[in-house]
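S.K.: Here's a sequence, model it:
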Amino acid sequence: MRQRSLLQTGMGLGRFGSLSLAYVRQTYRDSPVQQTLGLTHSISFGRIGSLNLTLTRTRTASDLSSSAQSSTSAYLIFVVALSSRRAATLAAVGGSGSGAPGNEVIASLAQSPPVGPGSGYRLSASTAGNYDADWRRQFPSADLELEVARNRGLEGRSAYLSGAMTFLDGQLNTTRSVNGSFAMVDVAGLANVPVYVENQLTTHTDAGGRALLYNLRPYEANRISITPEDLPLDTTIGASSTIMAPPFRSGVIARFPVERVRSGTFRLVLDNGKPVPVGAVVTLRGTHFPVVLDGTVYVTGYDHGMSAQASWAGGRCSFRLEPPPPDDPLPDMGTVVCHNSSDAVRTL
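M.R.: This next block holds a predicted model:
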């Protein structure tokens, strides 16, 4: 049987940081009772860094007799943030009594890996001759970690490769280790679209417009999103984000309603060469588009040659749009003549 009791309190000291006090009592069936009293003072120096001092006193005994073993430990840690993912740390550690850490100063430099593919590392060395060098590379389908370390005279080397396979929506995919849940994102066949989880760039869609998210929080709301600015100009999207709460180590499908819509601009003029009046309305396939300065019109929803009409107070005319170029998502169709009669129209 194991029992742990914790009492903790803290207070803010304004520009002098914060102070906290904690008491922990642990009871085991076949082990001595352990009691620990800890005092921590933290202070921030803005962009320079932060300083943390922790003092602990531990007492271990089968009862509360005077023969109990005690130890005292002290940790003084200064952390400097070099970037959003990189930090340097200088720590002084020491203590006395059974189980206390040895006296040493430790310097370390670490860069955490990104959410998606990328690299991270940790380098540290101490005055006691201990060191640790760890490098991690996150691939789309696996994680690779290499480490070399020495601690208290013992040296070791390790290499660790991990990955997983998922089957979802009829597809078998390789991915990084799935510790939580996963999702298949479908962006209607659009390749290389950035996909975000909780506003953090996680991956890009593949050639088929799909992306696998491998480490979502199970049974919790996960916000998955794309940004309309990352989509081609000839597309529209009904919703750019969705909330998913997949079961543990299970997958869900997040489909984004993206549609390709051909758009274009042109200058609409009358038979006499004057532009159609500002405020006129162009009707194309039942949709209305306004005429702005100098007869300029922006329309959507056409992918072949088609007829349209323009109307305004006291006037009306008809015209025809030629098929748009197949390789231009937003073509300029030039100047189009709008005729007051039903005769065939021409494009200049």
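S.K.: domain ranges for this protein?
M.R.: In the assignment given by automatic domain parsing, the structural domains of the chain cover 2-102, 180-260, 263-337.
S.K.: right, so the ones you listed: which one is the most enclosed?
M.R.: Compared across those, domain 180-260 shows the largest average neighbour count, a mean of 17 (mean count of other C-beta atoms under 10 Å). From N, CA and C alone the C-beta is placed, and that goes for glycine too.
S.K.: average pLDDT for it?
M.R.: Along domain 180-260, the predicted confidence averages to a pLDDT of 87.
S.K.: start to end distance for it?
M.R.: Separation of the first and last residues of domain 180-260 by C-alpha to C-alpha, to the nearest Å is 34 Å.
S.K.: centre of the chain versus that domain, how much separation?
M.R.: 11 Å (C-alpha atoms, centre = their mean, to the nearest Å).
S.K.: List the beta-bridge partners for the closest residue to Asn222 other than its chain neighbours.
M.R.: Ranked by C-beta to C-beta, 6 or more residues apart in numbering and with sequence neighbours excluded, the top spatial neighbour of Asn222 is Leu216, at 4.6 Å. Taking DSSP bridges as the rule, Leu216 bridges to Ser181.
S.K.: What distance do you get for Leu216 to Cys317?
M.R.: Taking C-beta to C-beta, to the nearest Å as the measure, Leu216 and Cys317 are separated by 56 Å.
S.K.: which of the residues in stretch 107-118 are buried?
M.R.: Counting neighbours by 16 or more other C-beta atoms under 10 Å, one finds that the buried residues in stretch 107-118 are 108, 110-111, 113, 115-117.
S.K.: Quick check: end-to-end length of it?
M.R.: 24 Å.
S.K.: Pull the distance from that stretch to the chain's centre.
M.R.: Distance, stretch centre to chain centre, for stretch 107-118: 15 Å (C-alpha atoms, centre = their mean).
S.K.: Same check on stretch 174-187?
M.R.: With C-alpha atoms, centre = their mean as the basis, the distance from the averaged C-alpha position of stretch 174-187 to the chain average is 14 Å.
S.K.: wouldn't Arg57 be in contact with Ala74 here?
M.R.: No - assessed by C-beta atoms under 8 Å, Arg57 is found out of contact with Ala74, at 10.3 Å.
S.K.: what about the helices in the stretch 51-200 of the chain?
M.R.: Listed from the start of the chain, the stretch 51-200 of the chain has no helices (DSSP state H, counting those that start in this stretch) to report.
S.K.: Quick check: which ranges of it have low pLDDT?
M.R.: Low-confidence segments of the stretch 51-200 of the chain, defined by pLDDT under 70: 62-67.
S.K.: just to revisit the earlier point, just give me the closest of the buried residues of stretch 107-118 to Arg150.
M.R.: Here the nearest of those to Arg150, counting by C-beta to C-beta, is Ser108; it sits at 14.1 Å.
S.K.: Would you agree the closest one is in contact with Asn130?
M.R.: No - Ser108 is not in contact with Asn130 according to C-beta under 8 Å; the separation is 11.0 Å.
S.K.: between these two, what contacts are shared?
M.R.: Ser124 (C-beta atoms under 8 Å, 6 or more residues apart in numbering).
S.K.: measure Tyr131 to Pro32 for me?
M.R.: Tyr131 sits 34 Å away from Pro32, going by C-beta to C-beta.
S.K.: same thing with Ala310?
M.R.: If you go by C-beta to C-beta, the gap between Ala310 and Pro32 works out to 91 Å.
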